[in-house]
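[1] The following comprises the amino acid sequence and a computationally predicted model.
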Amino acid sequence: MKGLNKILLLILVVFVIAQFFKPEQNIGDLTSIEPFLEETNPPEAVKLILEESCYDCHSSHTRYPWYSNITPVNYWMAEHVDDGKKHFNVSKWESYSIKKKDHKIEELIEMVEAKEMPLESYTLAHSEAKLSDADIASLIEWAEHVRIKLTLLPKPQ
């Protein structure tokens, strides 16, 4: 029994010490989303969907819940956010070429249509981020209009 108590105490000490080490948080300027919104012009309903279901992992500004302060949860979340931004970051929209913008919107359509986004692990903790069939239809309709608009833009020489 003494050995088990020592092991539990050691685990507790390691857990407490781990709380002093945290990954960098993704708290950039929320205005970095503006160029994306200006160019893609989502209707209000789609803007709300994007805010609740996409921006936390796909922009430079994440809204962190209380449990994100607990190690190792914070490292797990940081990894998800970094991975999400690597695939599509609306805060970097201006830096994307027209071709890349079209590709990112095409991927958005594919992922939402296949119900692969938002991730189930995200919607478990953020039930408001779950997409209804109507939400999916609205997102896809808007995204298809964005793709058409992008094809009409002049191509750089």
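    Noted; the coordinates are in hand. Residues are numbered from 1 along each chain as shown.

[2] how about the residue nearest the centre of the chain, secondary structure?
    Centroid check for the chain by C-alpha atoms, centre = their mean gives C57 as the closest residue, at 1.7 Å. What DSSP: H, G, I helix; E, B strand; the rest coil gives for C57 is helix.

[3] List the contacts of it.
    Neighbour list for C57: 80-81, 83-85, 118-119, 122 [criterion: C-beta atoms under 8 Å, 6 or more residues apart in numbering]. Every residue, glycine included, has its C-beta placed from N, CA and C.

[4] Assess the claim that K85 and N26 are in contact.
    Yes: if you go by C-beta atoms under 8 Å, K85 and N26 touch, sitting 7.5 Å apart.

[5] quick one: the residue nearest to the centre of the chain and Y67, what's the gap?
    Separation of C57 from Y67 (C-beta to C-beta, to the nearest Å) stands at 16 Å.

[6] what is in contact with K85 and N26 at once?
    Joint contacts of K85 and N26 (C-beta under 8 Å, 6+ apart) are S60.
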